[in-house]
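Novice: what shape does this take:
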Amino acid sequence: MTMRFPLAVFVAVVAAAVGSPSMGEDAAPTPPFQPYVDMKTFMEHVLTPAAKIIWSVNAAVIDEQGEHDLSPKTDADWEQIVSGAATLAEATNALMIPQRARDPQWTFYVQKLAEAANKAYVAAETRDLKTISEVSDRLDGICAACHRHYGLE
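Specialist: Numbers count the residues shown, from 1 in each chain. Predicted structure coming up:
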């Protein structure tokens with residue numbers, strides 16, 4: 001019994017085999033994650049806004065009416081801090097995309113940032129202002145050290 005393949009099926013099978021990358025030992029898989037914006041844009045539109053929300057817990061504004069403490073007081077204030085901390089924690093994953101990860105020191109700074117952001121997230125969920133305040137100070141130091149190291153100041 002002989003089997004006959006239609007020409008179109010044969011061509012499709014051959015094209016798929018030729019067109020697909022080799023899955024041999026030497027083939028490096030393409031990373032599934034890609035950066036879509038440059039680092040400056042990522043910092044300006046993702047990391048900095050999220051960090052500013054956490055930094056605001058230690059902030060005060062002085063104007064004509066006096067000094068105003070910006071620490072969270074309402075459910076909406078707390079929810080904003082939860083969102084900022086969650087965004088910052090999750091954004092650290094995007095910092096480790098191979099095209100962004102610069103060297104072992106980069107990984108060190110990103111891990112410190114992730115740990116601090118996660119701690120802020122957990123503290124915000126439990127409305128622990130003291131811990132968020134401490135994390136806010138720690139974030140400032142982590143960001144400043146990284147920026148100094150990579151000449152971003």
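Novice: any idea how far the residue sitting nearest the centre point of the chain is from Y36?
Specialist: Nearest residue to the geometric centre of the chain (CA atoms, centre = their mean): A91, 1.3 Å. As judged by CB to CB, to the nearest Å, A91 and Y36 stand 13 Å apart. Glycine gets a C-beta too; all of them are placed from N, C-alpha and C.
Novice: does D137 touch N58 like I think?
Specialist: Yes - between D137 and N58 there is a contact at 7.1 Å, judged by CB atoms under 8 Å.
Novice: who has more neighbours, the two?
Specialist: N58 (16 against 12; other CB atoms under 10 Å).
Novice: for D77, see how far away the more buried one is.
Specialist: Per CB to CB, N58 is found 14 Å from D77.
Novice: what do those two both touch?
Specialist: Residues touching both N58 and D77 by CB atoms under 8 Å, 6 or more residues apart in numbering: S71.
Novice: ok, which stretches of this protein are strands?
Specialist: Assigned by DSSP state E, the strands in the chain fall at 60-63, 66-69.
Novice: quick one: the ones you listed as TSV, columns for distance to L113 too.
Specialist: Below are those laid out as TSV (distance: least, CB to CB, whole Å):
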stretch	distance to L113
strand 60-63	25
strand 66-69	26
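Novice: pLDDT weak spots in the chain?
Specialist: 1-27, 30-31, 153 (pLDDT under 70).
Novice: residues contacting the residue nearest to the centre of the chain?
Specialist: F42, V46, L47, A50, A117.
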